[in-house]
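> Got a sequence here, can you model it:
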Amino acid sequence: ASDFALVKLLATSVAVALENARSWTEVHELRARLEQENLFLRAEARSDQGTSELIGSSPLLREALSQVEAVAGTSASVLVIGETGVGKELAVRQLHQSSLRAEQPLVKVACAALPESLLESELFGFEPGAFTGATKRRLGRFEVADGGTLFLDDVDTLPLTVQAKLLRALQEGEIQRLGSNVVLQVDVRLVAATNRDLLGEVRAGRFREDLFYRLNVVPIQLPPLRERKEDIGGLVAHFADTLGPGLGREIEEISSGALDILQRYDWPGNIRELRNTIERALVMGRGPILQLPGGALDTPLSESKGRETSVEVSPKTEARGGVVGSASLKELLLAHKKGLIIEALAANQGNQAAAAKVLGVHRSNLNRMIKDLDLSMP
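Presented below is the predicted three-dimensional model:
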C-alpha cells in the first residue's frame, strides 16, 4: 500500500512538473511574440511620417478607396498594385484599420530589402541550431501577425523557393519554423503589394501562377499622381502643415505660381517625390508663403523619365506667385477635410457611425465637423 501511495505521489509530481513546464513554455512564447510585436509597432511608428492616409478626392482615388472599404470587412487576400511612391503602404494601413483585425498587429515584410538567405527565417521563424548563428528561438512574422494582417511589400521579389512555402502557408494556414518538425496553425490576412506586372512575371517564369491567383483575389490599382493632379493642392497643404512646424516654418499661403508649377509636373516619383519637394521648399524658403526654389524639380528621377517631366521654375513665374493670387493654406486644408468627409458619407450611404469609423474619429467629433463645415446632409 505504501509503494502504491509513493507511485501515485510521484505520478502526481511528474504531472505537475510537466504542466508547469508546458505553462512556462507558453508564457515564454507569448513573451517572445509580444517582444516581436513591439519591435514591429515601433518600426511602423517610425515609418509613419508625413501622412497616415491617402489624401485626395479625385475619381480615380475615390474608386480605389471604395474598393479598400468594400474588402476591408472580409478575410480575402488583397493585391495592391501601383508605381513606386503612390501610397501602397498607406492603402494597406487603411485596409487593416477598417478591418475586423484592426486591434491585432499589422506586420510588414519588405521583401526587396531582405536577402534570399534571410527571407525564409524572417517569414517562418527558426529554432536554436537551425543554422549557424541561430542561438535561440525566433518567431517568424507569420506568428507575430497571427490574428492580424501580414503585409508583403514588393512581393514580386520573393524567390521561387520561398514562394512555394508561402503558398502552403496560405492554403493550409500552417507553418513550420526552420529546424522544427512541429506544424503551427496561424490565422493571418495576407495583403501584398507590387509595382510590377505580376502576371507578366508569371509568364516569364519568375512568379508562381498558383501563388499569383492566391494573392490576386482582390486587386486594387492605385493611380499615379500624374493621373489625379486635382489632388495636388490638398497634398501640398497637408505636407506644408505637417512638415512646416518641425522645420521652423508656419505656412499661411501657397503661392499660385508654385501651385501652377506643381500641377504641371508629371511626378515620376509620385507622392513621395511631392513630399520631398515640399520639404525642400520649406527648408530653403523663408516667411509664411510657400514658394519653390529654383531647380526644385531638377531631380535625377525626372531626368531619367524624360524631358516631358521637367518644368521650368523661372523668377517671373515665382514673382507671379506672391501674396496676390496665392492660395490660403487654411482654405486648402478645409477643402481637403470637406472632401474626405463627403467621400466617407457617400461611401456609407450617409451613415455617420460608419463614416466616422472609416475616418478614424468618434461619431460626435464627425457630427461637430459636419456642423462646423456647414455640410448639408443627404
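> Helices along the stretch 201-350 of the chain, start to end?
Along the stretch 201-350 of the chain, the segments classed as helices by DSSP state H, counting those that start in this stretch run 209-215, 232-243, 256-264, 270-284, 300-305, 315-320, 329-347.
> rank those by pLDDT, which is bottom?
Note on these: helix 315-320 shows the lowest mean pLDDT, a mean of 36.
> May I have the phi/psi pair for Ser13?
phi -60, psi -40 (degrees, to the nearest 10).
> returning to that earlier point: among the helices of the stretch 201-350 of the chain, which is the most enclosed?
Among these, ranked by average contacts under mean count of other CB atoms under 10 Å, first place goes to helix 232-243 (a mean of 21). Glycine gets a C-beta too; all of them are placed from N, C-alpha and C.
> Keeping just the C-alphas, turn that helix into CSV.
What follows is helix 232-243, C-alpha atoms only, in CSV (Å, rounded to 0.1, in the frame of the first residue of the first chain):
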residue,chain,number,x,y,z
ILE,A,232,-2.0,68.0,-55.6
GLY,A,233,-3.3,71.2,-53.8
GLY,A,234,-4.6,69.2,-50.9
LEU,A,235,-1.4,67.1,-50.7
VAL,A,236,0.8,70.3,-50.8
ALA,A,237,-1.3,71.9,-48.0
HIS,A,238,-1.1,68.7,-45.9
PHE,A,239,2.7,68.4,-46.2
ALA,A,240,3.2,72.1,-45.6
ASP,A,241,1.0,71.9,-42.5
THR,A,242,2.6,68.7,-41.1
LEU,A,243,6.2,69.3,-42.0
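> hang on, the earlier thing: of all the helices of the stretch 201-350 of the chain, which one is nearest Glu83?
Taking CB to CB, helix 270-284 is the member of the helices of the stretch 201-350 of the chain nearest to Glu83, at 5.8 Å.
> what's that closest one packed up against?
If you count contacts as 3 or more CB pairs under 8 Å, 6 or more residues apart in numbering; DSSP states H and E, helix 270-284 packs onto helix 232-243, helix 256-264, strand 289-290.
> Okay, now the sheet partners of the shortest one, with direction.
Each strand paired with strand 289-290, and its direction, by DSSP bridges: strand 253-254 (parallel).
> Determine how far the strand it pairs with lies from the middle of the whole chain.
29 Å (CA atoms, centre = their mean, to the nearest Å).
> sorry, back to before: format the helices and strands packed on helix 270-284 as a markdown table; extra columns: distance to Val92.
Listed next are those as a markdown table, based on distance: least, CB to CB, whole Å:
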| stretch | distance to Val92 |
| --- | --- |
| helix 232-243 | 19 |
| helix 256-264 | 26 |
| strand 289-290 | 30 |
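> Assign Lys108 to helix, strand or coil.
strand (DSSP: H, G, I helix; E, B strand; the rest coil).
> Check what pLDDT the residue nearest to it when sequence neighbours are not counted gets.
Nearest-residue entry for Lys108: Phe151, 4.6 Å, with adjacent residues in sequence omitted and distances by CB to CB, 6 or more residues apart in numbering. Looking at Phe151, its pLDDT reads 98.
> Next: Asn365.
Per the predicted model, pLDDT is 75 at Asn365.
> thought it was touching Ala356?
Yes - using CB atoms under 8 Å, Asn365 is in contact with Ala356, at 7.3 Å.
> Neighbour count: those two, which is higher?
Ala356 (21 against 12; other CB atoms under 10 Å).
> Tell me the pLDDT of the more buried one.
80.
> give the contact list for Trp267.
With contacts defined as CB atoms under 8 Å, 6 or more residues apart in numbering, Trp267 is in contact with Pro224, Leu225, Arg226, Glu273, Leu274, Thr309.
> gap between it and Glu230?
13 Å (CB to CB, to the nearest Å).
> all strands of the stretch 51-200 of the chain, in order?
Ranges of strands in the stretch 51-200 of the chain, per DSSP state E, counting those that start in this stretch, are 78-81, 106-110, 125-126, 138-139, 149-153, 174-175, 184-185, 189-194.
> tell me which helix or strand of the protein sits lowest on mean pLDDT?
Least confident element among the helices and strands of the chain, by mean pLDDT, DSSP states H and E: helix 315-320 (a mean of 36).
> just to revisit the earlier point, between the helices and strands packed on helix 270-284, which gets nearest to Arg141?
When the helices and strands packed on helix 270-284 are compared by CB to CB, helix 232-243 sits nearest Arg141, at 29.6 Å.
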